[in-house]
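Visitor: coords please:
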Amino acid sequence: ANEKLVNFVIGVIANPSVEDSLLDFMKTGQTLAEKYVSERLVEPNRKSIYDTIPKSGVKTMSEQQKQVNVNGKKITIDGEVMFLRLMAINAHKKVPVQRLMSFENSPVPLSMFREDGTMYSTGDKSEYMKRLEQRLGSKITSMESTPQVVIHDAMAVIRSHPPLQIGVYTFKQMAVKFLQIIIQASHGCKEIHIAFDRYFDNSTKNLTREKRGACAINYHVHPNGIIPSNWANFLMSAENKTKLSKLYTEFIIDNKHTLGDQMIVMSGGQGDDAVKVTCDRIEKIDELTSRIEEADARLVLHAVYASKAQEVKNLVVCSPDTDVFALLLHHVSKIEAEVFMETGQQTSLRSNKRYIPIKKIHDTLSKAEQKIQMSIYALTGCDTVSMFRGKGKVTAINTMHKMADELLPLEHLGIGQQVSQEIIDKC
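Guide: Got it, this is the predicted structure:
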């Protein structure tokens, strides 16, 4: 009885007439549909099928605009008009414009969210990696020796090799090509890791996915199925990608006899489980069993696991994502081998492919910078965290370099259930 209908963007509680109208919209729609059929189809002489359909009369939250009585008349308050009037009055009141403009004429703070409540996403994440790379002076464009372990972001491989580009037409053909591409890109090493994304209904990434996949179509994914012509639309659906990850994982397991002396470790394609596949056996890996959603974080988990083997002295993580770079930089002390991140594109015309030595970049940071860089990176926007408008990665790098010691409490951001006032101030 105490429950209220609330506009979750601006926090306004609906008045009784709006609440009743919105909650009964299904009944209203049913009534209108029956009336339409009766007037235009059952009794064809009453109305033409082409006559204009009347408005439903459903009241929405826009009906909630504040009204005041002025000389006996009800006047609706329009926020934009009120703000313009305030500016006009200020011409006589002489209030400092800087103070006047410090208040946003919006139901939500536009520094972090758009008016519809969706987050601002940062558009310059790559600048974070580039600026820290510049501290090394030169780039590594090839590995001196074959890496002992190569770890792949599966979805990055799938996105960068669309079906038409690689000449395949069925999902099975694509699975064959996927495995070939993975092995070829692993520089002949014996241990290959593949991390798939997972997709949960209550994910903080759903806002981004819904924006990308507003027109996505779900398909039946099976080995002999024909790949849809609109591959970009196919990849907009989380359900499609889940099915594809499962199909690829099962294909590699079923064709383990083709691996020779190589070993493939996979996670994310079969729920929480991770498996190690060789030509003669399949083994579940408890250390990699996880509900981690993002392949970005799963790649780091694979790197930590793989580095524990005594013979592993170096490993390569293949990903185009700056989020992976920031995560590796944050967790590099837990990786017991020399770790490189392979990134950049290579085409027939030019190549930007390079190998970023994570430990060397980590060593260029001060002790304070090492502790707070992950928090600084997240605060200025990533896949699931809004950015402050106008405060991007370049600002983040410069601020971190100048004020790292002062911002040291940020190393505790995200630890525990509560955020202290000190951390909020530093944020």
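
Visitor: tell me who's in contact with the residue lying closest to residue 319 once chain neighbours are set aside.
Guide: In this structure, residue 319 finds its nearest non-sequential neighbour in residue 153, 4.3 Å apart by C-beta to C-beta, 6 or more residues apart in numbering. Any C-beta I mention is one placed from the backbone N, CA and C, and that applies to glycine too. Applying C-beta atoms under 8 Å, 6 or more residues apart in numbering to residue 153 gives the contacts 195, 295, 296, 299, 318, 319, 320, 321, 324.

Visitor: kindly recompute the last result at 10 Å.
Guide: 159-160, 194-197, 294-296, 298-299, 317-321, 324 (C-beta atoms under 10 Å, 6 or more residues apart in numbering).

Visitor: return a ChimeraX selection command for the buried portion of those residues.
Guide: Buried members of the contacts of residue 153, defined by 16 or more other C-beta atoms under 10 Å, are picked up in ChimeraX with:
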select :194,195,196,197,294,295,296,298,299,317,318,319,320,321,324
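
Visitor: which of the contacts of residue 153 fall in strands?
Guide: 194, 195, 317, 318 (DSSP state E).

Visitor: report the beta-bridge partner residues of the residue nearest to residue 319.
Guide: Note on residue 153: beta-bridge partners residue 195, judged by DSSP bridges.

Visitor: what about the helices in the stretch 51-200 of the chain?
Guide: Assigned by DSSP state H, counting those that start in this stretch, the stretch 51-200 of the chain shows helices spanning 79-93, 97-100, 125-133, 154-160, 163-166, 171-184.

Visitor: count the residues that sit near residue 201.
Guide: By other C-beta atoms under 10 Å, 6 other residues sit near residue 201.

Visitor: that one: what secondary structure?
Guide: coil (DSSP: H, G, I helix; E, B strand; the rest coil).

Visitor: sketch out the low-pLDDT regions of the stretch 101-250 of the chain for me.
Guide: 101-110, 114-117, 123, 204-216 (pLDDT under 70).

Visitor: what are the buried residues along the helix or strand hosting residue 239?
Guide: Element membership for residue 239 (DSSP states H and E) is helix 238-254. The neighbour-count check on helix 238-254 (16+ other C-beta under 10 Å) flags 238, 240-249, 251-252 as buried.

Visitor: before we move on, what about stretch 171-185?
Guide: 171, 173, 174, 175, 178, 179, 181, 182, 183.

Visitor: what's near enough to touch the second one?
Guide: Yep, that's residue 173 we're talking about. Listed by C-beta under 10 Å, 6+ apart, the contact set of residue 173 reads 163, 166, 167, 223, 224, 227.

Visitor: of those residues - the most surrounded one?
Guide: residue 163 leads these on contacts (other C-beta under 10 Å) with 20 neighbours.

Visitor: measure that one to residue 259 for me?
Guide: 24 Å (C-beta to C-beta, to the nearest Å).

Visitor: with residue 303 instead?
Guide: 21 Å.

Visitor: more neighbours, the two?
Guide: Higher neighbour count among residue 303 and residue 259: residue 303, with 29 against 18, using other C-beta under 10 Å.

Visitor: count the residues that sit near residue 148.
Guide: By other C-beta under 10 Å, neighbour count at residue 148 equals 19.

Visitor: now it: closest residue in space, sequence neighbours ignored.
Guide: In space, residue 148 is closest to residue 312, 4.9 Å off (C-beta to C-beta, 6+ apart).

Visitor: contacting residues around the one you found?
Guide: 147, 148, 149, 191, 303, 306, 335, 336, 337, 338.

Visitor: what about those residues, which one has the most neighbours?
Guide: residue 303 (29 neighbours).

Visitor: quick one: mean pLDDT for the helix or strand where that one lies?
Guide: Assessed by DSSP H and E, residue 303 sits inside helix 295-307. For helix 295-307, the mean per-residue pLDDT is 96.

Visitor: output it as PDB, nothing but the C-alphas.
Guide: C-alpha atoms of helix 295-307 as PDB (Å, rounded to 0.1, in the frame of the first residue of the first chain):
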ATOM      1  CA  ALA A 295      37.100 -11.200 -20.400                       C
ATOM      2  CA  ASP A 296      39.300  -8.100 -19.500                       C
ATOM      3  CA  ALA A 297      39.500  -9.300 -15.800                       C
ATOM      4  CA  ARG A 298      39.600 -13.000 -16.800                       C
ATOM      5  CA  LEU A 299      42.700 -12.400 -18.900                       C
ATOM      6  CA  VAL A 300      44.500 -11.200 -15.800                       C
ATOM      7  CA  LEU A 301      43.300 -14.300 -13.900                       C
ATOM      8  CA  HIS A 302      44.700 -16.500 -16.600                       C
ATOM      9  CA  ALA A 303      48.000 -14.600 -16.500                       C
ATOM     10  CA  VAL A 304      48.300 -15.100 -12.700                       C
ATOM     11  CA  TYR A 305      47.500 -18.800 -13.100                       C
ATOM     12  CA  ALA A 306      49.900 -19.400 -16.000                       C
ATOM     13  CA  SER A 307      52.800 -17.600 -14.400                       C
END
